[in-house]
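Novice: Okay, here's the prediction I keep looking at, along with the sequence it came from:
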Amino acid sequence: MKKEEKSDSFWITNITKKAHNLSDIGVIIYPMRSLNLLDRRHYQLTIAELEKCRASGSLFTKKTMVVVRQVPPGGEAPQYIPFKEDAVYPYKARSSVELENIKYEELDVPDDVYAADNADTAQTDHLGKWNKK
């Protein structure tokens, strides 16, 4: 019974930062990933093909970069973020910083009054080009 469990999985792991092509079995393994090559949903490989690849194929030539695992990799449990299901948007924690809305009355100047006060400065702009006349 242990042989059946072992034969149901053939795990390989890419331990480099580069993708590798295992051309004889037609698999590309991306960096820092593990694959079960006997997974029937994704691959149609046999144990004989994988053992041949391991003995003299691309798994043999890239044995320092792509390793065959004896034990399947352990996975972490998914981390779920709690939220209110009846809310339109998920709940956000409130900030401890209070904002003050200060209104300065001396800055409330109508546009006409501001334009009349600053009409003479429009000619002195542009690096003094208008003052040379």
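Specialist: Sure, I can see it. A quick note: this is a predicted structure, and the numbers were derived from the prediction, not measured. Numbering: from 1, shown residues only.
Novice: alpha carbons only for contacts and neighbour counts from here, please
Specialist: OK.
Novice: need the helix or strand of the protein with the lowest average pLDDT.
Specialist: Ranking every helix and strand in the chain by mean pLDDT, DSSP states H and E puts helix 2-7 at the bottom, with a mean of 45.
Novice: list the helices and strands the helix or strand following that helix packs on?
Specialist: Downstream of helix 2-7, the next assigned helix or strand under DSSP states H and E is strand 11-14. Other helices and strands packing on strand 11-14, by 3 or more C-alpha pairs under 8 Å, 6 or more residues apart in numbering; DSSP states H and E, are strand 34-36, strand 66-68.
Novice: Send me strand 11-14 as PDB with only the CA atoms.
Specialist: Extracted as PDB, the C-alpha positions of strand 11-14 are listed here (Å, rounded to 0.1, in the frame of the first residue of the first chain):
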ATOM      1  CA  TRP A  11       7.500  15.700  -7.100                       C
ATOM      2  CA  ILE A  12      10.200  17.900  -8.600                       C
ATOM      3  CA  THR A  13      11.300  21.400  -7.400                       C
ATOM      4  CA  ASN A  14      13.200  24.100  -9.200                       C
END
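Novice: Give me the residues contacting it.
Specialist: By C-alpha atoms under 8 Å, 6 or more residues apart in numbering, the residues outside strand 11-14 that reach it are 20, 29-37, 65-72.
Novice: just the buried members of these?
Specialist: 20, 29-31, 34-37, 65-68, 72 (16 or more other C-alpha atoms under 10 Å).
Novice: which helix in this protein runs the most residues?
Specialist: Criterion DSSP state H: the longest helix present in the chain is helix 47-56.
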